[in-house]
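> Quick one, structure for this:
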Amino acid sequence: MNTIIDLLRNLWNLLACIGELLGYVLRFSSVFFQSRTCGIEEVRIAYRSPWQNPFVERFGGTLRRELLDHVIVLGQGHLERLLREFIEEYYHVARPHQGLDGDTPIPQPKADAPITGPTKLISTPILGGLHHRYQRVAA
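This is a model prediction of the structure:
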């Protein structure tokens, strides 16, 4: 049981540091998440009130649909690597977000000059090929 609690605390610390960019983090009323990290304001939500934290609920659903439904987690270390790669290499960098008009939270650098002439599409596998990042380059 302690490994699950430790995993949740580590995930909370990661999300809290991401929340530092926003200035606040919504959180559950739970003993797991009592630490105040990164100097941000915590906004507590009511018990069993998922409508008060739609962003967390949406991220949890996306995480389940796009990652956890497709892999078998072999342990805590494996889950941490999957979550880190999903968030850092796919969710923030390659996955289009509806709220950002199809852009990614971390914008990719644009080419200085538009590519003219024939091009080809390069596919980079992410999460062992579960998802891919695509880039158009000159042929």
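> give me the low-pLDDT residue ranges for this structure?
Applying pLDDT under 70 to the chain flags residues 1-43, 111-112.
> again, only using 80
By pLDDT under 80, the weakly predicted segments of the chain are 1-53, 55-56, 98, 108-115, 139.
> Run through the helices of this structure in chain order.
Along the chain, the segments classed as helices by DSSP state H run 2-19, 54-63, 76-85.
> Can you show me the strands along the chain?
Assigned by DSSP state E, the chain shows strands spanning 24-27, 41-44, 119-126, 131-138.
> Figure out which of those is closest to residue 50.
Shortest distance between residue 50 and the strands of the chain, using CB to CB, is found for strand 24-27: 10.9 Å. (C-beta placed from N, C-alpha, C; glycine too.)
> Give me the residues contacting stretch 101-111.
91, 92, 93, 94, 95, 96, 97 (CB atoms under 8 Å, 6 or more residues apart in numbering).
> can you pick the most crowded of the residues you listed?
Neighbour counts for those (other CB atoms under 10 Å) peak at residue 91, which has 22 neighbours.
> Please name the residues that touch that residue.
Taking CB under 8 Å, 6+ apart, one finds 62, 105 in contact with residue 91.
> what do you get if the cut-off is 6 Å, keeping everything else the same?
Neighbour list for residue 91: empty [criterion: CB atoms under 6 Å, 6 or more residues apart in numbering].
> measure it to residue 108 for me?
14 Å (CB to CB, to the nearest Å).
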